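Participant: For reference, the sequence and a predicted model appear below.
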Amino acid sequence: MKYCCDCAYMDTNEGEGKNIGKYPCTNKRIKDSYVSARKVVRGGDTPFCPGFLEAFWSRGEWEREQYMKESKRHGYYVLTAIKDILGLDEQDVRFNKFVYLRDVIIPELDPKFDKEYEFYGPILADELKSDIFGKEASQYYLLNYIYKVINDVEEEKYEEAIDLYKTMINSMKLQYLDNFKVLKLGN
């Protein structure tokens, strides 16, 4: 599996994005100006990014791990896509509960889901952004899943929150990834 941090176009020297866990993508063909080091760009022989160019130099394992760790703290791919599509305020405090679930609770209670989400999350977010009905789909996911997940976290119903979030991700996988051999999360 290859990630953006394996790509020659991920600029780790130019650094406005370094502080937010994102790094500039210097490939002009790619729509993302900043990318997560953890974004999957190639799985086996299947390319997910048409602009991927394996770095001719080798980033050391320690350096690569540091970029991945910095970006992991910002792995809210689907939520970020929904907020961007709907024009929601980045600083809306309601989403802090979701961040807590994603950063603290999920890695502790369900590390398998955490790992699988790191793979599928960026792909699903990109698919949602390119969906011609992305605004309607985002509204649906926000009202029927995200807000309910947040309510479960507020009530400290963490397992229910995780289950509901898995249901949403599985629903998105069925909608957007029908061409892939998709495994159901949490099994």
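Facilitator: Structure received.
Participant: Quick check: can you list the domain ranges of this protein?
Facilitator: 2-72, 77-176 (automatic domain parsing).
Participant: Which of those has the lowest mean pLDDT?
Facilitator: When the domains of the chain are compared on mean pLDDT, domain 2-72 scores lowest, with a mean of 70.
Participant: Show me which residues of stretch 160-167 are buried.
Facilitator: 161-166 (16 or more other C-beta atoms under 10 Å). (Glycine included, C-beta is placed from N, CA and C.)
Participant: and which of these is nearest residue 125?
Facilitator: Nearest to residue 125 among the buried residues of stretch 160-167 is residue 165, at 14.2 Å by C-beta to C-beta.
Participant: is it true that the closest one touches residue 148?
Facilitator: No: here residue 165 lies out of contact with residue 148, judged by C-beta atoms under 8 Å, at a distance of 9.4 Å.
Participant: quick one: the residue nearest the centre of the chain and residue 143, what's the gap?
Facilitator: Central residue of the chain (C-alpha atoms, centre = their mean): residue 77, 2.8 Å from the mean position. Per C-beta to C-beta, to the nearest Å, residue 77 is found 19 Å from residue 143.
Participant: Same check on residue 150?
Facilitator: 11 Å.
Participant: could you list every residue that touches the closest residue to residue 79 other than its chain neighbours?
Facilitator: Excluding its sequence neighbours, the residue lying closest to residue 79 (C-beta to C-beta, 6 or more residues apart in numbering) is residue 98, at 6.1 Å. Each residue near residue 98 by C-beta atoms under 8 Å, 6 or more residues apart in numbering is listed here: 76, 79, 146, 149-150, 153.
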